[in-house]
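> Below: sequence and its predicted model.
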Amino acid sequence: MNTPQIIKQLQPEHRVLLDDGNISLRVLQRVAEDTLEVEVLTGTELKARKGINVPDLLIDIPALTEKDKRDAKFMWDQRLDFIALSFVQRRQDVQDLHDLMAEFRKEEEEKKKIYPPLGIPVDKLNDYDYNYLVEEIHLSPEWRPMVISKIEKPQALDEIDEIIKVSDGIMVARGDLGVECQLEKVPIVQKELIRKVNVSEKPVITATQMLESMITNPVPTRAEVSDVANAVFDGTDAVMLSGECAAGAYPVESVKMMSSICRFAEENSDYTDKIDLNLIRKNGINSLLEHPNPFIDAIADSAATAAEESNASAIIVYTDTGDTCNMISKRNRNSNIIAITYSSHVQRKLTVLRGVHPMLINFKKNNGTMPVQPDETKNNNNQIIFNLLSNFNTNSEYLNTDEVLAKTEHTILTRHPEWLSIGDKVVICSGYHPLLPGLCNTVKLSCFGDAIRTEKSKTYWDDDLN
């Protein structure tokens with residue numbers, strides 16, 4: 001065992017579980033500081049690299065090991081969108097990761113002072129992909145990977161409300177949770193966790209052993225199908241496969257089956273749990289802000305209600321941070337939500353939300369970029385700097401509101417014509433959006449395609465006047 005801290009804390013009569021509980025041990029006595037005598041209660045062959053659980057202990061070791069810190073730095077440097085933190089037991093475990101990432105940000109800011117604008121020496125710019133550099137130049141100063149706390153220890157349940165507050169999302173990791181809790185408690189814990197995370201307006205992922213039999217079989221058991229569907233009915237945003245894809249004989253078939261079950265369950269939305277709006281307003285995103293937005297809850301409520309009452313085909317949300325999408329997604333579990341954003345990082349983080357289809361659109365009049373030929377930047381660092389700074393031009397003029405709506409409709413029809421048809425009823429909304437002031441704090445009901453027709457009419461009027 002490579003965790004001597006655990007051995008030091010174990011006492012006689014404590015349980016030790018190996019390989020997801022397939023091997024159960026009981027501590028008899030301490031032989032030496034790093035050696036214990038144990039009794040095998042249930043056993044089987046123990047293979048390499050299997051997990052260990054000690055359900056009787058609140059482990060007095062940090063959630064972040066030195067290896068975890070190195071891995072977190074790699075994830076930060078690669079601009080990964082999510083970090084899953086294992087074996088969270090207390091709020092401080094999550095806060096430690098936030099603090100670590102704050103240190104990473106300070107280091108980058110110091111480098112940017114030395115090598116503006118990206119913290120990369122000019123003579124090294126050609127080592128990077130140009131599209132990566134463009135993304136970096138637009139990176140929000142508040143960016144960081146989303147922290148998904150994996151709830152695997154029963155001790156985490158004692159502090160779950162505080163853990164949810166400091167996490168960006170929660171994973172119900174039923175494998176280790178089922179080892180350390182009584183098995184019959186796991187379904188209740190799953191439902192309670194999903195409910196709590198939903199009223200906090202954050203994503204929740206249900207994971208582990210969902211289609212376990214498909215590791216060796218081409219089809220799942222009927223009980224597994226019901227398990228996946230019930231997670232959808234409980235209100236989970238995402239379901240996750242692990243061993244089925246990592247070590248299974250039927251990884252593609254597992255994904256197809258999981259997708260099919262989820263889609264069918266979502267079509268039968270009468271069985272989906274409803275979320276109490278009063279609890280959302282009390283525990284949601286806006287309630288935790290130092291300066292809550294006085295309009296955003298009303299906007300999210302109105303958009304969700306309008307979509308339901310009008311039987312709208314979709315809700316189109318313009319979002320700067322993704323928060324408005326989180327809020328509407330939790331209030332309306334039946335409608336498709338098309339999230340429009342200019343940030344590729346926001347686009348990717350919204351993919352985990354239930355019913356949300358994120359789309360990247362640039363609303364600058366000059367499209368925000370200068371045409372760059374492949375050979376133009378090759379071995380020419382000065383040209384790279386020039387193009388990047390031109391791309392970063394903060395004085396760029398943005399399309400007006402009618403043009404934004406028309407471009408949105410045109411982009412949807414071009415990229416995803418299966419999402420909406422001309423004439424479909426849609427709800428259009430936005431919270432605070434600094435780049436699109438004409439859409440700020442609005443909810444609008446419309447027929448899809450109206451904006452394109454309006455823009456065409458303006459062209460005809462202009463021609464007549466001229």
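In hand now; what should we look at?

> all helices for the stretch 101-250 of the chain, in order.
130-137, 154-157, 160-166, 174-180, 186-199, 222-234, 243-246 (DSSP state H, counting those that start in this stretch).

> Dump the C-alpha coordinates for stretch 210-225 into PDB.
C-alpha atoms of stretch 210-225 as PDB (Å, rounded to 0.1, in the frame of the first residue of the first chain):
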ATOM      1  CA  MET A 210     -24.500   1.700 -14.900                       C
ATOM      2  CA  LEU A 211     -24.100  -1.000 -17.700                       C
ATOM      3  CA  GLU A 212     -21.500  -3.100 -15.900                       C
ATOM      4  CA  SER A 213     -22.600  -6.400 -17.600                       C
ATOM      5  CA  MET A 214     -21.600  -4.900 -21.000                       C
ATOM      6  CA  ILE A 215     -18.000  -5.200 -20.000                       C
ATOM      7  CA  THR A 216     -18.400  -8.900 -21.100                       C
ATOM      8  CA  ASN A 217     -21.800  -9.000 -22.800                       C
ATOM      9  CA  PRO A 218     -23.200  -7.200 -25.900                       C
ATOM     10  CA  VAL A 219     -26.500  -6.300 -24.200                       C
ATOM     11  CA  PRO A 220     -27.200  -5.000 -20.600                       C
ATOM     12  CA  THR A 221     -29.400  -6.500 -18.100                       C
ATOM     13  CA  ARG A 222     -33.000  -5.300 -17.700                       C
ATOM     14  CA  ALA A 223     -32.100  -4.000 -14.200                       C
ATOM     15  CA  GLU A 224     -29.300  -1.900 -15.600                       C
ATOM     16  CA  VAL A 225     -31.600  -0.400 -18.200                       C
END
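
> any idea of the mean pLDDT in it?
Taken as a whole, stretch 210-225 has a mean pLDDT of 96.

> Next: stretch 157-164.
96.

> ok, the residue nearest to Tyr128 when sequence neighbours are not counted to Asn387 distance?
Once flanking residues are discounted, Tyr128 sits nearest to Ile120: 7.0 Å by Cβ to Cβ, 6 or more residues apart in numbering. The way it works is simple: take the backbone N, C-alpha and C, and place the C-beta from them, glycine included. Separation of Ile120 from Asn387 (Cβ to Cβ, to the nearest Å): 14 Å.

> In terms of neighbours, single out the busier of the two.
Neighbour count, other Cβ atoms under 10 Å: between Ile120 and Asn387, Asn387 has more, with 21 against 18.

> So that one, which state does it fall into?
Three-state assignment for Asn387 (DSSP: H, G, I helix; E, B strand; the rest coil): helix.

> for Arg333, same thing?
Assignment for Arg333 (three-state DSSP): coil.

> Give me the pLDDT value at the nearest residue to it once chain neighbours are set aside.
Excluding the flanking residues, the one nearest Arg333 by Cβ to Cβ, 6+ apart is Thr272, at 5.1 Å. Note on Thr272: pLDDT of 85.

> isn't Thr272 right up against Thr236?
No: shown here, Thr272 and Thr236 do not form a contact pair, counting by Cβ atoms under 8 Å, at 10.3 Å.

> which one of these two has more residues nearby?
Counting neighbours by other Cβ under 10 Å for Thr272 and for Thr236 shows that Thr236 has the greater number, 24 against 16.

> residues contacting the closest residue to the more buried one other than its chain neighbours?
Spatially, and ignoring its direct neighbours in sequence, Thr236 is nearest to Thr206 (4.4 Å; Cβ to Cβ, 6+ apart). Counting by Cβ atoms under 8 Å, 6 or more residues apart in numbering, Thr206 touches Met171, Val172, Arg174, Gln190, Ile194, Ala231, Asp234, Thr236, Ala238, Val239, Met240.

> Pick out whichever of those sits closest to Ala451.
Ala238 (31.8 Å; Cβ to Cβ).

> picking that back up, in JSON lines: the helices of the stretch 101-250 of the chain, plus mean neighbour count and distance to Glu418.
Compiled in JSON lines, the helices of the stretch 101-250 of the chain are given as follows (neighbours: other Cβ atoms under 10 Å; distance: least, Cβ to Cβ, whole Å):
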{"stretch": "helix 130-137", "mean neighbour count": "15", "distance to Glu418": "27"}
{"stretch": "helix 154-157", "mean neighbour count": "18", "distance to Glu418": "41"}
{"stretch": "helix 160-166", "mean neighbour count": "18", "distance to Glu418": "35"}
{"stretch": "helix 174-180", "mean neighbour count": "22", "distance to Glu418": "34"}
{"stretch": "helix 186-199", "mean neighbour count": "19", "distance to Glu418": "28"}
{"stretch": "helix 222-234", "mean neighbour count": "18", "distance to Glu418": "22"}
{"stretch": "helix 243-246", "mean neighbour count": "17", "distance to Glu418": "26"}
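
> picking that back up, next one: the residue nearest to Tyr128, what pLDDT does it get?
pLDDT for Ile120: 87.

> Quick check: it touching Asn126?
No: applying Cβ under 8 Å, one finds Ile120 not in contact with Asn126, separated by 10.2 Å.

> Surely Tyr443 forms part of a helix?
To be clear, residue 443 is Val; Tyr isn't right here. No: according to three-state DSSP, Val443 belongs to no helix; its state is strand.

> Quick check, it in contact with Ile428.
Yes: assessed by Cβ under 8 Å, Val443 is found in contact with Ile428 at 7.5 Å.

> Let me know the next secondary structure element after the lowest-mean-pLDDT helix or strand in the chain.
Least confident helix or strand of the chain, by mean pLDDT, DSSP states H and E, is helix 381-391 with a mean of 66. As assigned by DSSP states H and E, the chain's next helix or strand after helix 381-391 is helix 401-415.

> now that next one: how far from the chain's centre is it?
Remark: helix 401-415 is offset 26 Å from the chain centroid, using Cα atoms, centre = their mean, to the nearest Å.
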